[in-house]
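Chemist: Would you be able to build a 3D model of this:
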Amino acid sequence: MRQIWIPQAGPPEVLEVRDAPDPTPAAGEVRIRVEAAGVNFADISARLGTYQDCPPMPVVVGYEVAGRVDAAGAGSEELEGRDVLALTRFGGYSDVVCVPRRQAFERPSGMDAATGAALPVNYLTAWQLVVAMGGLAAGDTVLIHSAGGGVGVAVTQIAKNIGATVIGTASAGKHDFIREIGVDYCIDYRTEDFEKRVAEITGGRGVELALDAVGGPSFAMSFDSLAPTGRLGMFGISAGTTGKSQNRLGFLKAVLQMPWLKFHPPGLMNANKGVFGVNLGRMWHEVERLRPWMQSILDLWSGGVVRPVVDATFPFERAPEAHHYIQDRKNRGKVLLIP
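Modeler: Model prediction:
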């Protein structure tokens, strides 16, 4: 098999393709010949040495793949020969992977591998943010930062299906794109004060749900943009990823700028607001909880509601370009690696 390794922390150019023997599935596992693998911001943080869950380097990262099962261990034979998408706990940057049977999902008829690989991380994260923990309801308003990214697309589609109004932040060059996917109000985070614009859009009331993966001082502004009974969902700290080489001081600065004092219990009670965090990478021990979420997402895909936007694909040999593409904020939707 061929894999993309991170031998040491550094810029995208540290990524390298290596060969290794094909793995053999153990009991309860399936082996997948990968046709597409998702690229996520967690992979970039791992490459920069700022992702706390990343195993010691050298390491193969990657959380999601799609392909065909070509071998199965005892107890998983029913998936052999089937087209699937799957969750991987690292190791997804490979053209062959073995995963527990419960982390693999048969792809619906008509779903290609690129679509399958674009679903798991972004849409499960969005489902946890919007439905499982965010409690978004028809008539509510949600603020989503980085609305043009993979999670932003997923949140928008799920929120619009619920009947909510969507406010999205993105650079001006992405506004036409996010309007096309359903964002009702666009904010240019580079030139506009999003807290002020949210107040204008909502008539000073605020939003019922704010979803923020920026971190740093943005968390405080998102919290202050909430209406009474509103919830802030935090799912990343992209403000801590400055530059394309390891920068621990930049990450520490973003952490120190978080509103540690704002989220104290008496303050939350007096404000009638809530704060929660989402890290899908720490839900692998809760796969039986994730499976019905994934089934709901697949049902929405079959119904034409969920439609991942695959913006760019890169062969394994050009994996550094895929990381550059995301860090340069060029992506409008999902970026994939193709073995």
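Chemist: mind checking how far Ala137 is from Leu15?
Modeler: Applying C-beta to C-beta, to the nearest Å, the value for Ala137 to Leu15 is 43 Å. Quick note: C-beta positions are derived from backbone N, CA and C, even for glycine.
Chemist: Compare those two (neighbour count), which wins?
Modeler: Between Ala137 and Leu15, Leu15 has the larger neighbour count (other C-beta atoms under 10 Å), namely 23 against 11.
Chemist: so what's that one closest to, chain neighbours aside?
Modeler: Ala319 (4.6 Å; C-beta to C-beta, 6 or more residues apart in numbering).
Chemist: How are the strands of the stretch 201-339 of the chain distributed by residue range?
Modeler: Counting by DSSP state E, counting those that start in this stretch, one finds strands in the stretch 201-339 of the chain at the ranges 207-212, 226-234, 274-277, 310-315, 334-338.
Chemist: Direction included, what does the first one pair up with?
Modeler: This points to strand 207-212. Strand 207-212 has its sheet partners listed here by DSSP bridges as strand 141-144 (parallel), strand 226-234 (parallel).
Chemist: Kindly report the same for the shortest one.
Modeler: Strand 274-277 has the following sheet partners, assigned by DSSP bridges: strand 226-234 (parallel).
Chemist: in the partner strand, what's buried?
Modeler: Residues 226-227, 230-234 are the ones in strand 226-234 that count as buried (16 or more other C-beta atoms under 10 Å).
Chemist: and what of stretch 46-56?
Modeler: Buried residues in stretch 46-56, counted by 16+ other C-beta under 10 Å: 46-51, 54.
Chemist: quick one: contacts for Asn161?
Modeler: By C-beta atoms under 8 Å, 6 or more residues apart in numbering, the contact set of Asn161 is 300, 305.
Chemist: helices or strands up against the helix or strand containing Asp43?
Modeler: Asp43 is located in helix 41-47, with elements delineated by DSSP states H and E. With contacts taken as 3 or more C-beta pairs under 8 Å, 6 or more residues apart in numbering; DSSP states H and E, helix 41-47 sits against helix 319-327.
Chemist: now the helix it packs on against strand 310-315, angle please.
Modeler: Interaxial angle, helix 319-327 versus strand 310-315 (axes from the mean of the first three to the mean of the last three C-alpha atoms, to 10 degrees): 160 degrees.
Chemist: Right, I'll leave it there.
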